[in-house]
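[1] prediction below, plus the sequence it came from.
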Amino acid sequence: MSDTSQNSFGPPPAATGYLPPYVPLFRPPGGLATALTALFSVTIGVDLLAAAFDVYVWQLLDGLLGGGSVTDADLTRADGLQALSGALQALLLVATAVVFIIWFYWVRRNADFFALDACEMKSGWAIGAWFIPIGNLWLPRKIAGEVWNASTDWDSEPRGTSQTSMNLWWVLFVASSLIGRFSSSEYADGANATELKHAAGMMIFSDVLDAMAAVFAILFVRKLTRMQVDKTTARQTQILPQPQPYS
């Protein structure tokens with residue numbers, strides 16, 4: 001019996017030299033979104049606590065400038081509160097940044113699952129963009145916008161999905177970061193009570209902005225995660241055969 005007769009599937013197809021483009025698998029980001037919701041919620045509480053500490057420092061310095069009595073114990077307490085709030089915020093920032101960047105990378109990879117040409121910037125930029133001086137003020141927002149558009153189900157949302165939560169998160173995040181960096185430097189370099197009081201006031205403003213940014217970050221993360229899951233579900237519904245009812 002010949003080899004051809006033994007092969008019921010016929011001879012192997014001739015090589016064409018064409019390989020289909022690699023499409024990454026969809027990775028549900030729901031677990032990371034839940035973790036980020038928890039982290040951002042804690043961030044809101046810590047930011048408000050830090051703002052309360054800053055108010056105490058501001059009032060203390062205001063009383064000092066007004067001729068009130070301020071003891072060494074009051075000044076020591078103020079320094080301790082500033083150190084405590086700063087340490088808590090730093091720890092939360094590191095933890096939240098790590099989880100957020102992982103989530104951001106996943107949703108960027110998922111955008112390629114929906115359409116390989118939907119994003120101008122490659123998936124690696126979802127990580128690297130955060131570490132480029134100056135560029136990190138706008139590159140992550142550009143990537144987020146591309147991922148948002150790729151994740152939009154244009155069949156059910158022909159006009160697109162409102163990007164309000166994403167825009168407000170980014171504006172508040174950048175503003176709080178810049179003001180917080182400036183106010184912390186001013187407080188550390190303050191040479192007198194007037195400069196320290198001004199820095200404390202800026203720190204109050206920065207902490208409140210950061211808490212607001214965390215609120216809209218939760219809305220942004222949950223919305224984009226839901227958009228990707230819903231679009232994937234809709235695509236599976238269109239591809240998979242639907243069961244027919246018995247007659």
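    Okay, I see it.

[2] for the residue minimising distance to the centre of the chain, give me its contacts.
    Closest residue to the average C-alpha location of the chain: residue 100 at 5.0 Å, with Cα atoms, centre = their mean. For residue 100, the residues meeting the contact criterion (Cβ atoms under 8 Å, 6 or more residues apart in numbering) are 36, 217, 221. C-beta here means a position set from N, CA and C on the backbone, and glycine is covered the same way.

[3] quick check: mean pLDDT across the longest helix seen in the chain?
    The longest helix of the chain (DSSP state H) is helix 193-239. When pLDDT is averaged along helix 193-239, the result is 91.

[4] for stretch 160-172, same thing?
    Here stretch 160-172 scores 93 as its mean pLDDT.

[5] any chance you could list what contacts that stretch?
    Taking contacts as Cβ under 8 Å, 6+ apart, the residues outside stretch 160-172 that touch it are 140-141, 144-145, 148-149, 152, 154, 209-210, 212-213, 216-217, 219-220, 223-224, 227.

[6] please redo it, this time with the cut-off set to 7 Å
    Under the contact criterion Cβ atoms under 7 Å, 6 or more residues apart in numbering, stretch 160-172 has outside partners 141, 144, 148, 152, 209, 212-213, 216-217, 219-220, 223, 227.

[7] looking at these, spot the one nearest residue 105.
    The nearest member of the contacts of stretch 160-172 to residue 105, counting by Cβ to Cβ, is residue 144 at 12.0 Å.

[8] so what pLDDT did the residue nearest to the centre of the chain get?
    The predicted local confidence for residue 100 comes out at a pLDDT of 98.

[9] next, the angle from the helix or strand hosting it to helix 193-239.
    Using DSSP states H and E, residue 100 falls within helix 72-114. With axes from the mean of the first three to the mean of the last three Cα atoms, to 10 degrees as the criterion, the two stretches helix 72-114 and helix 193-239 enclose an angle of 20 degrees.

[10] C-terminal to helix 72-114, what's the next element?
    With elements assigned by DSSP H and E, the helix or strand that comes after helix 72-114 is helix 125-128.

[11] give me the residues contacting that following helix.
    Contact with helix 125-128 is made by 101, 104, 105, 108, 139, 143, as judged by Cβ under 7 Å, 6+ apart.

[12] which of these count as buried?
    Among those, those classed as buried by neighbour count (16 or more other Cβ atoms under 10 Å) are 101, 104, 105, 108, 139, 143.

[13] for those, work out which two are farthest apart.
    Spanning the widest gap among those are 105 and 139, at 13.9 Å by Cβ to Cβ.

[14] spit out the contact partners of residue 130.
    With the criterion set at Cβ under 7 Å, 6+ apart, residue 130 makes contact with 101, 136, 140.

[15] between these, which sits nearest residue 186?
    residue 136 (22.2 Å).

[16] return the residues in contact with the closest one.
    If you count contacts by Cβ under 7 Å, 6+ apart, then residue 136 has 129, 130 around it.

[17] now do 6 Å
    Residues in contact with residue 136, defined by Cβ atoms under 6 Å, 6 or more residues apart in numbering, are residue 130.
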